[in-house]
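Asks: Next input, structure requested:
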Amino acid sequence: MGYFKNLITKFILLMQQHPGVLAIVSFCSGVASYVLVERKESFAQFIAILLLISWLWLIIDNWLRDKVEQSFGVTVSPNFMRFALQMVQQESLFFALPFFLAVTQWHHPQALFTGLIISCAVISLIDPLYYKTLVKHRTLFTVFHNFALFVVLIVTLPILFKLTTNQSLAIALSCAIIFTLPSLSNLMPNVRWWRFPVLIALLCILSAGVWQLRSWVPPAALRLTDITVSHAVDSAKRRPIGSIKQLTATVLHQQGLYSWTAVKAPRGLNETIFHVWRHNHKEVDRIALNITGGREQGYRAWSHKVNFPAEATGNWQVQVVTESGQLIGLTQFTVTR
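Replies: Purely as a prediction, here's the structure:
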């Protein structure tokens, strides 16, 4: 036991003497998470648990510092906790980033949300930006802290608890506010009391805004691995027969079309998705499908549409969306005369 106490004591002292090491460790672990999660999503479950524990640690950091001093006789500097906070934020953003990069539709407003995650991850790595600009603006720093927590929750909740994307989004928004509250005294020390209720109101307003614009948030737990429009589907092999990018209106009305999709979801996630058929940017049909994740190739399902408008020429899209309107992916085809 004495050996481990000495080891922990040396580690804490080393980190206080060389705080920049934390940033290097965080960056390397973030990159490792990116590579490993891309290769095997089950690894994400382990990191998700560690990240949630680390956020819990931040919430009780005052109590934890007292315990460390009592147990090991080492006074943990507040500066060390600041670097630890930076490390957890970095790891959270870099852990979540590959999930969002994999599903973001870059021609869609989703690109703005994922771009914001990338920007926050870069800021967390650059100390002059992080400490001299972000940390000094307490309100902005608290929003940054809240956003990092929200991002990691929206990824980890479906992985750990098999929640749908709609449930995950609602719970992540609520939990991000609730778990930010105990940190306010550390994030904003020596400020007037009225700043706290104002900041809480601001976080609630921002959360409500995200909920209203939830279609802009990529569904990080779902990934469209394939989508095809065809005239037929092989039910035995659960594969489309051919692929169509252009057809005539006559053939369209005579044969109809199948929209075949493969959606990958972690840990047997159950979710309702929709095939939204759009003609010249106008929605003409919405077909519900229940998916069950867990297959390496994705859960394969299709919808069959035979009811098309009399004037069907033009540009068509089949969008795959969640119950909350979050776009998973799409395909396009053209109908000619």
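Asks: Output the helix or strand that contains F196 as CSV, nothing but the C-alphas.
Replies: Here F196, judged by DSSP states H and E, is contained in helix 195-212. Written as CSV, here are the backbone C-alpha positions of helix 195-212 (Å, rounded to 0.1, in the frame of the first residue of the first chain):
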residue,chain,number,x,y,z
ARG,A,195,-24.0,35.8,-12.0
PHE,A,196,-25.0,32.2,-11.1
PRO,A,197,-28.7,32.4,-11.8
VAL,A,198,-28.1,34.4,-15.0
LEU,A,199,-25.6,31.8,-16.2
ILE,A,200,-28.1,29.0,-15.3
ALA,A,201,-30.8,30.8,-17.3
LEU,A,202,-28.3,31.2,-20.3
LEU,A,203,-27.5,27.5,-20.3
CYS,A,204,-31.2,26.6,-20.2
ILE,A,205,-31.8,29.0,-23.2
LEU,A,206,-28.9,27.5,-25.1
SER,A,207,-30.2,24.0,-24.4
ALA,A,208,-33.7,24.9,-25.6
GLY,A,209,-32.2,26.4,-28.8
VAL,A,210,-30.2,23.2,-29.4
TRP,A,211,-33.4,21.2,-29.0
GLN,A,212,-35.3,23.3,-31.5
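Asks: what about it, distance to the chain center?
Replies: 20 Å (CA atoms, centre = their mean, to the nearest Å).
Asks: ok, and for that helix, which residues are buried?
Replies: By 16 or more other CB atoms under 10 Å, the buried positions in helix 195-212 come out as 199, 203, 206-207, 210. Yep, even glycine has a C-beta here, placed from its N, CA and C like the rest.
Asks: Could you dump those into CSV with distance to K282 and pLDDT added?
Replies: Shown next, in CSV, are the buried residues of helix 195-212 (distance: CB to CB, whole Å; pLDDT from 0 to 100):
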residue, distance to K282, pLDDT
L199, 42, 82
L203, 37, 87
L206, 32, 89
S207, 31, 91
V210, 27, 92
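Asks: other SSEs contacting the following helix or strand past the helix holding F196?
Replies: Heading C-terminal from helix 195-212, the first helix or strand you meet, by DSSP H and E, is strand 223-230. With contacts taken as 3 or more CB pairs under 8 Å, 6 or more residues apart in numbering; DSSP states H and E, strand 223-230 sits against helix 78-103, strand 239-241, strand 257-264, strand 314-322, strand 327-336.
Asks: Partner strands of the fourth one and their direction?
Replies: Looking at strand 314-322 with DSSP bridges, its partner strands are strand 270-279 (antiparallel), strand 327-336 (antiparallel).
Asks: Over to the shortest one?
Replies: The partner list of strand 239-241 in its sheet, established with DSSP bridges, is strand 232-234 (antiparallel).
Asks: Now the partner strand: buried residues?
Replies: V233.
Asks: How about residues contacting that strand?
Replies: Outside strand 232-234, the residues that touch it by CB atoms under 8 Å, 6 or more residues apart in numbering are 239-242, 258, 260, 302, 304.
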